[in-house]
Structure formats: structure tokens, C-alpha cells
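Participant: The sequence and its predicted three-dimensional model are supplied below.
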Amino acid sequence: GRAPLSSAQPQGHGEEEEEEVEEEGEGCYQLYPGHIPTSPLQKVLLAAGSACMALYDPYRHDMVAVLGETTGCLALPSLRDKMKNHPEGYRILQERPRIRLSTLDMGRLRGLPDGTLGREYVRFLEDNKVSPDTRMPPKFVDDEELAYVIQRYREVHDLMHTLLGMPTNMLGEVVVKWFEAVQTGLPMCVLGAAFGPIRLSARKLQVLATELVPWAIRSGRSASCILNFYYEQRWGQPVESLREEIGIFPPP
Amino acid sequence: VYQVFESVAKKYDVMNDSMTLGIHRVWKDILVHKMNPSPGTLLLDVAGGTGDIAFRFINYVRSVRERQLQRKLRHHQNLSWQEISESYQEDKSKSLGDSQVVVCDINKEMLKVGKQKAQHLGYSEGLSWVLGNAEELPFDDDMFDVYTIAFGIRNVTRIDLALQEAYRVLKPGGRFLCLEFSHVNNPLLSRLYDLYSFQVIPVLGEVIAGDWKSYQYLVESIRRFPPQEELKAMIEDVGFFKVDYQNLNSGIVAIHSGFKL
């Protein structure tokens, strides 16, 4: 076990009162499980470090997550406000649904007719061999509600793939990032959209630039906020109808 | 502590270089130079995980041995070919001169990384790897000539027990050497060091190793560790004589030394 901190007062903050909360050395409250309070300097260092590491080693998805959290201080509140001002979004903020294998009834979703959100989502997960449980929980967001917003954004990402019809290869991910960049304004999405194509071949870049990105941008702008849809209550809805409702144009 | 080092093992060396900007290598070199082992020394390196001290020891002893051999050769300029070839055969098999190092660590993962490094770097003879707890060493009394613990003692729950064990397994005349983070006596440097430790190191841990918490723990454990004089007293309490310490970099790191008489 760890002996309690005795004299470390690195930032001059008061020591923690809460018993169950782990000592984090910054003296601030831990706002949610997994929260690591960080100073502004640490956030800057984390943002820079995670950006470099994510470029250097694209398999470090945790770095992309950290980058999103440390740079999202403007975009996340604006997303949260968009949700608050929308009836369905507001309900999501209240009820805080999570998309996890344990909460999804995969059997039922698989049994839904082809073309419905539920069926296509399960097909997407199986075809690309991904699971919704691999999303990183937020660590460096200093507001508990905003932490949920970014968590929701991450969990809805796979649904975006389904709605946009994009696979999880590098090309597909970049397209989804463009869409998300326009939709959310998260700097991490913008950076991902801008730097992601670096590792693509010339042929793919061409397709990307001429067809996919313009479509993604158009759809992103015309669509209402993707976080304002209670997807868990719409499994039976046909994908095309949901696309129309949100405002996403059919994929090329 | 075990879980901290399990996740830390693979990236240990990379993190050490990043956190100390490579200076940890100098500190370890100084430790082995201070030790000044002669061929035939039996070293126990506790919490030696990835082998840094062990490899340096072997290098040092090898170079001492080579110098010994060269001196011998110069001496033997007037020998017959027969006598020279006999002495070659005798010396070839002892490039280390019977020196040996036992690396002991509580963590399997760290030992695994150490063994891989040894193979990669070409260290084979004179090395053994033992799983063990510093508070309860799996060795007999009076076995070793030198006991080292580099950046390991602050992770031991009962430092006094580890020191007692160190005393027990050393031969009479044996030397205890401890390289560890300590207290900075310079107030300005201390503020900068704190700032660096608490602001930068956990970030490095997160970015390089994906592990903020282990490195936060590391920085906190350094602060909790007894300062130079206190550690010196603890070493004396256990029975060591001529206990002394040497500050490196104004006390960021200190080498404590003691003898069993």
C-alpha cells in the first residue's frame, strides 16, 4: 500500500479531505473516477507531448484521447450547451447513457431488419472487429459533465462510422475525423483530420480530397449536432431515415 | 509497489533516460567507480532489475582484468613460447577473473527485461538473476563482497529490514553501497527540482509509458524518503561502520557507503 503524503505541497493547494479519493499530488478534488487533476502547465505539456507521440506512433490511441481532453476546453462547453438546448440532447445529459457491450443487447440488435441502425451498427462492429469497450475513459477534463460529453463523443464515434458508411482503416478514420471536426470543433479532430492523411498513399489522397472530404464537410455542416440523438432509443430506425433526420448526405 | 513496476518494466530504461535526460547513466558510472571492484569480487545487486549496475560492474572488472593481463605480459617479455602459451590458456578462461554479479529483484518482469538486455548486449558469464525480496534475501550469511542497491531502497516498505539483510549477506570486510534520490540542500535548485518533478515527470510518464499514476507515485516516494543524515543513521544502526555519503548534483542523488567489519 502507499503511505500517505506527509509534506508534499507542490502547488500550495490544500491537502485532500476525501478519504476514498487517491492522492493526486495536486491537492484538487478528484471529480469523477479516473479523474487526474492537472495544472495548466501540465495540460500544455500533455497537449504538446501527446500530439507528438500520436504522430510518431499512430497506434497510441491513448495519446489521441489525451490530446482531445487537454485541448477541448473551448469546444466541450459549447457541445454541452448545444446538448442542453436540445430536448433529446438534454435528456442524454440527464440520463447519461453509456454504449458498452454489457449494456447492449447484441442478440436483439443482430435480429433487427437489415438497414436499421442497430443491425448495421452490429455489422460494422463485427466486420471491422472492434468493440465499443475500447474507448478510453476521460482523465484530464476538469469538469464532470464535460467529462461525460467527451465520453459520449467517443462512444458515438463508432455510430458515426456506421452512419457515414466508413470502415476503420486509415482512410475511413480520416473521413470521419473531418466530419467530426466540422461537427464538434474539437482541436483534436481538426489536427487528426489535417495530419491523418500524411500516411496515406497518393491514390487514396486523391479520392479523399476530391470526393470524401468535401462530402464529409458538407454533411458535417448540414447535420445538426450528432450528440443530440439518443441512439440507444433508435436502434429500430432505418439508417437512411436517421441520416435524413440528422442531415447527413448519402455517402459517395 | 509490485503492480507499479510491472507496468513500468518494459519502458523503464526509456523513462529513466527521458526523466533524467540521460544523467542517470553518469550517476551509475560514479557508483561503480566508487566501488572500484577488483577481479574476483562477488557483487549482489539488489532491486537491480534491468541490469544497469551489473553490466557496468562487468565492464569495469573486465577492463581492470585486461590491464592486469597487459601488465603481466609486459613483465613476461623474456619467457619462452611454452610458458607464454600456458599463461594465455590460464588467463583466457578468466576474462572476468572469477568476478560474479547476482542481480536480485522482487519483480519478474524487471528481471525478464534485464535478461533480454544481457543477451542483446552480449553479457553471458558472471551473471545470475534471482527473484527475491530485499527484506528477506534468499542467500546465506556472509556471502558477498559488495552489496549495491541503486534506486531501489526507496521502494522498500521496511528500509530497516533491507539494511539488516544487507548486513547479513555481506562478508566481514564487505561494502554496502546505496545510490538513491535524496534531499536537495540548495533552496533555488530545490524549487526548480520540485517544479520539474511534479509538473513534468508525470506528463512524461503519461506520454511515453501511458502511465501517469506510476510516475506520480515515483515523485511522491522520492519526497517521502529519509534525507541523507537520517539514512546514514539508519545504516549505522544496523551495524555498518565508516558510514558516509556523497551528494551528486547538490543532493538530487546521494551515494551512501558503509562497511561490515
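Facilitator: Looks like it arrived, so ask away. Residues are numbered from 1 along each chain as shown, chains lettered A, B, ... in the order given.
Participant: Not counting its neighbours along the chain, what's nearest residue 106?
Facilitator: The chain I'm using is chain A. Distance criterion CB to CB, 6 or more residues apart in numbering or on different chains; nearest residue to A:Met106, sequence neighbours excluded, is A:Val122 at 6.2 Å. No exception for glycine: its C-beta is placed from N, CA and C like everyone else's.
Participant: if you could check chain B rather than the one you did, that'd help
Facilitator: Closest residue in space to B:Ile106, ignoring its immediate chain neighbours: B:Asn133 at 5.2 Å, by CB to CB, 6+ apart.
Participant: What's the separation between the closest residue to B:Asn249 other than its chain neighbours and B:Val32?
Facilitator: Nearest residue to B:Asn249, sequence neighbours excluded (CB to CB, 6+ apart): B:Ile23, at 7.4 Å. For B:Ile23, the distance to B:Val32 equals 15 Å [CB to CB, to the nearest Å].
Participant: out of these two, which sits in the more crowded spot?
Facilitator: B:Val32 (25 against 15; other CB atoms under 10 Å in any protein chain shown).
Participant: right, and that one touches B:Ile53 too?
Facilitator: Yes. At 6.8 Å, B:Val32 counts as touching B:Ile53 under the criterion of CB atoms under 8 Å.
Participant: Quick check: the residue of the stretch 51-200 of chain B nearest chain A.
Facilitator: Residue of the stretch 51-200 of chain B nearest chain A, by CB to the nearest CB: B:Phe198 (4.1 Å).
Participant: Got the phi and psi for that residue?
Facilitator: Here is the backbone geometry of B:Phe198 (degrees, to the nearest 10): phi -80, psi -30.
Participant: what pLDDT does it get?
Facilitator: You'll see B:Phe198 listed with a pLDDT of 94.
Participant: Give me the contact list for the longest strand along chain B.
Facilitator: Among all segments of chain B classified by DSSP state E, the strand with the greatest residue count is strand B:170-181. Residues from elsewhere that reach strand B:170-181 (CB atoms under 8 Å, 6 or more residues apart in numbering or on different chains): B:27-28, B:31, B:34-35, B:142-154, B:163, B:166-167, B:222, B:225, B:231, B:235, B:240, B:252-261.
Participant: go again using 6 Å as the cut-off
Facilitator: Applying CB atoms under 6 Å, 6 or more residues apart in numbering or on different chains, the contact partners of strand B:170-181 are B:31, B:35, B:142, B:144-150, B:153-154, B:166, B:222, B:240, B:253, B:255-260.
Participant: Please tell me how far B:Asp13 sits from chain A.
Facilitator: B:Asp13 sits 17 Å away from chain A, going by CB to the nearest CB, to the nearest Å.
Participant: With adjacent residues omitted, what lies nearest to that residue?
Facilitator: B:Thr50 (5.9 Å).
Participant: Wasn't that neighbour part of a strand?
Facilitator: No. Under DSSP: H, G, I helix; E, B strand; the rest coil, B:Thr50 sits outside any strand and is assigned coil.
Participant: So what's the gap between stretch A:156-164 and the chain middle?
Facilitator: Centroid displacement of stretch A:156-164 relative to its chain, using CA atoms, centre = their mean, to the nearest Å, is 11 Å.
Participant: Outside of that stretch itself, list whatever touches it.
Facilitator: So stretch A:156-164 is contacted by A:120-121, A:124, A:132, A:176, A:231, A:243, A:248 (CB under 6 Å, 6+ apart).
Participant: where exactly do the helices run in the stretch 151-252 of chain A?
Facilitator: Using DSSP state H, counting those that start in this stretch, the helices of the stretch 151-252 of chain A run over A:170-184, A:187-195, A:202-207, A:213-222, A:239-246.
Participant: quick one, which of the ones you listed is packed in tightest?
Facilitator: helix A:170-184 (a mean of 23; mean count of other CB atoms under 10 Å in any protein chain shown).
Participant: Let me see the residues that make contact with that one.
Facilitator: Outside helix A:170-184, the residues that touch it by CB under 6 Å, 6+ apart are A:75, A:79, A:160-161, A:164, A:166, A:189-190, A:192-193, A:196-197, A:204, A:212-213, A:216-217, A:220-221, A:226.
Participant: what about the chain, any weak spots by pLDDT?
Facilitator: All of this refers to chain A. Where chain A drops to pLDDT under 70, the residues are A:1-28.
Participant: Correction: the question concerned chain B.
Facilitator: B:1-8, B:78-79, B:84, B:87-94.
Participant: near chain A, which residues of it show up?
Facilitator: B:198-199, B:203, B:207, B:210, B:212, B:216, B:223 (CB under 6 Å from any CB of the partner chain).
Participant: same thing but 7 Å
Facilitator: B:194, B:198-200, B:203, B:206-207, B:210, B:212, B:216-217, B:220, B:223-224 (CB under 7 Å from any CB of the partner chain).
Participant: Going by neighbour count, which of those residues comes out on top?
Facilitator: These, ranked by neighbours (other CB under 10 Å): first place B:Glu206, 28 neighbours.
Participant: Secondary structure element holding that residue?
Facilitator: Remark: B:Glu206 resides in helix B:201-209, with elements defined by DSSP states H and E.
Participant: Check which helices and strands that helix sits against.
Facilitator: Helix B:201-209 is packed against helix A:40-56, helix B:12-20, helix B:212-224, with contacts defined by 3 or more CB pairs under 7 Å, 6 or more residues apart in numbering or on different chains; DSSP states H and E.
Participant: And the residue nearest the centre of chain A, how close does it get to A:Thr184?
Facilitator: Geometric centre of chain A, nearest residue: A:Arg154, 2.4 Å, by CA atoms, centre = their mean. According to CB to CB, A:Arg154 stands 11 Å off from A:Thr184.
Participant: cool, and B:Leu231?
Facilitator: Separation of B:Leu231 from A:Thr184 (CB to CB): 53 Å.
Participant: what do you get for B:Leu44?
Facilitator: Distance, B:Leu44 to A:Thr184, by CB to CB: 57 Å.
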